[in-house]
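Engineer: Model the following, please.
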Amino acid sequence: MISPNVYLCLSHRSLTAVSIGERLFGPYVWGRYDLLVMPPSFPYGGMENPTLTFVTPALLAGDRSLIDVVIHEIAHSWFGNLVTNANWSEFWLNEGFTMYAQRRISIEKYGLAFTCLEARTGRALMEQCIVDNPPELTKLRVIIEAGVNPDDTYTETPYEKGYAFVCYLRSKVGSDEAFDGWLRAYCEHFKHQSIIAEDMFTHFFAHFPELQSIADAPGKEFQRWLTEPGPPLVWPDLSASAELSEPAEKLAAAWASGQRPTVDVSTWPSYQLCHFADTLMRTPLSIDTMTALDAAMPQLSSEQANAELRLRWCQLVVNNNYEAAFPRVLSFLHYTQKQKYTVPIYRLLMKGSDAARALAARALEETGSIMHPNVRRQVEKVLAS
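Structural biologist: Next comes the predicted model:
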């Protein structure tokens, strides 16, 4: 018998996100929606199986601050489960459209400012992805050679660059209403099929023939989106996040300049604190500043913080060689073996001091036996490089 504290059985009609998804993208065809919380070794935030999504226990923050991951998996009910990429080179069709759908649902549920702020954390991940990976892994359409494990090509690119491309398509259409209508038609037309990008393009231009000239213009702009490495040709407009992002950036600038500002952040949403930490990451901090930050911001540095905040605290700790907090880095690597959290921390540790590299070796020794094999392989590659 599965314990009720790890198996969440929810009628899909009781979930606001599913109801919003039905209104935006068409009927939810799977009948029910359940969540199964996996062990800490589960390597992903979620895995979208029809009727039953597997999720990492790191989502159980207590305050629903990481609900965006659940919304993401719900959005896969249309993009990924209903309409599926035909091969792994087209993985962005699943993830780019799902990121768009997730954030489209989030706008309806939480508002534009919050959603744009969450998307800014995604942009930060994409920018780091470009730094950490060879150019070919920053293309939307990754050419996977024979004998290459598709898991070794897994990056943020299909998610965030894919999202940027779908936002670009939306901008060319001109209105949410028209683009939502096309997405509903797309899901209906291709339901229970596996497709490639050209199938999507053909359907898109059948609905918006006036936009065909964009694809045919000099430079073949749609093909450039698929084949050029590096950042998106156009980043999405996230300026609506300003009411939340600007206070976070102002506070980060103050800490980076050596000040010790007293600001009540207890009411800040989680992604506002994430944006504060992402901004602070751009500037080296002294040990005195890290010590003061540790004391002043338990919302960020405490082991009771949610996993997204703990990840960023660990990154700040390693980036600034704040050895007093190394035990909390080790604790986090025990807490979760999710690939998105684990691999970036190991990369930073291996670029750091002797103590940081020793911590990486110790962490792998202590947690390697419980890691998913794919994650362990990635970590071992990092330590061997």
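Engineer: helix or strand for the residue nearest in space to the middle of the chain, which one?
Structural biologist: Per CA atoms, centre = their mean, the C-alpha nearest to the average position across the chain is that of Gly122, at 5.6 Å. Following DSSP states H and E, one finds Gly122 within helix 112-132.
Engineer: and that helix, which residues are buried?
Structural biologist: The neighbour-count check on helix 112-132 (16 or more other CB atoms under 10 Å) flags 112-126, 128-130 as buried. Using the backbone N, CA and C atoms, a C-beta is placed for each residue, glycine as well.
Engineer: For Met281, give me phi and psi.
Structural biologist: phi -60, psi -20 (degrees, to the nearest 10).
Engineer: ok, the nearest residue to Ser270 once chain neighbours are set aside - how many residues close by?
Structural biologist: Leaving aside its sequence neighbours, Ser270 sits nearest to Ser65 (CB to CB, 6 or more residues apart in numbering; 3.9 Å). By other CB atoms under 10 Å, 18 other residues sit near Ser65.
Engineer: Touching, Ser65 and Pro269? I think so.
Structural biologist: Yes: shown here, Ser65 and Pro269 form a contact pair, counting by CB atoms under 8 Å, at 7.3 Å.
Engineer: Quickly list the domain ranges of this protein.
Structural biologist: By the assignment in automatic domain parsing, the chain contains the domains 7-227, 242-384.
Engineer: for the helix or strand hosting Phe201, packing partners?
Structural biologist: Assigning secondary structure by DSSP H and E places Phe201 in helix 197-207. Applying 3 or more CB pairs under 8 Å, 6 or more residues apart in numbering; DSSP states H and E, one finds that helix 197-207 makes contact with helix 176-190, helix 212-216.
Engineer: Is it possible to get a markdown table of these that adds distance to Thr227 and mean neighbour count?
Structural biologist: As requested, the helices and strands packed on helix 197-207 are exported to a markdown table (distance: least, CB to CB, whole Å; neighbours: other CB atoms under 10 Å):
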| stretch | distance to Thr227 | mean neighbour count |
| --- | --- | --- |
| helix 176-190 | 22 | 17 |
| helix 212-216 | 13 | 13 |
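Engineer: ranking those by mean pLDDT, which is last?
Structural biologist: Looking at those, the lowest mean pLDDT belongs to helix 212-216 (a mean of 79).
Engineer: dump the residue contacts of Cys48.
Structural biologist: I think there's a mix-up here, since residue 48 is Glu and not Cys. When contacts are counted by CB atoms under 8 Å, 6 or more residues apart in numbering, Glu48 touches 73, 76-77, 80-81.
Engineer: which one of the residues you listed has the most neighbours?
Structural biologist: Ser77 leads the contacts of Glu48 on contacts (other CB under 10 Å) with 27 neighbours.
Engineer: Against Arg184, how distant is that residue?
Structural biologist: For Ser77, the distance to Arg184 (CB to CB, to the nearest Å) stands at 14 Å.
Engineer: what do you get for Thr267?
Structural biologist: 37 Å.
Engineer: Ok, Asp132 next?
Structural biologist: For Asp132 relative to Arg184 (CB to CB), the value is 37 Å.
Engineer: Check Glu243 too.
Structural biologist: For Glu243 relative to Arg184 (CB to CB), the value is 31 Å.
Engineer: Kindly report the same for Ala325.
Structural biologist: Distance check for Ala325 against Arg184: by CB to CB, it reads 49 Å.
Engineer: quick one: secondary structure of Gln299?
Structural biologist: Per DSSP: H, G, I helix; E, B strand; the rest coil, the local secondary structure of Gln299 is helix.
Engineer: what's the answer for Gly147, then?
Structural biologist: Assignment for Gly147 (three-state DSSP): coil.
Engineer: Repeat that for Asp34.
Structural biologist: From three-state DSSP, the assignment for Asp34 is strand.
Engineer: beta partners of it?
Structural biologist: Under DSSP bridges, the beta-bridge partners of Asp34 are Cys9, Leu52.
Engineer: That one: neighbouring residues, count only.
Structural biologist: 15.
Engineer: try Ala361
Structural biologist: 13.
Engineer: ok, and the closest non-adjacent residue to it?
Structural biologist: Counting by CB to CB, 6+ apart, the residue nearest Ala361 is Leu383, at 6.9 Å.
Engineer: CA atoms only for the host helix or strand of that neighbour, dumped as CSV, please.
Structural biologist: Using DSSP H and E, Leu383 maps to helix 373-384. Extracted in CSV, the C-alpha atoms of helix 373-384 (Å, rounded to 0.1, in the frame of the first residue of the first chain):
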residue,chain,number,x,y,z
PRO,A,373,23.0,6.3,-13.0
ASN,A,374,22.6,9.1,-15.5
VAL,A,375,23.2,11.7,-12.8
ARG,A,376,26.2,9.8,-11.4
ARG,A,377,27.7,9.6,-14.9
GLN,A,378,27.3,13.4,-15.4
VAL,A,379,28.9,14.1,-12.0
GLU,A,380,31.8,11.7,-12.6
LYS,A,381,32.5,13.5,-15.9
VAL,A,382,32.6,16.8,-14.0
LEU,A,383,35.0,15.4,-11.4
ALA,A,384,37.2,13.9,-14.1
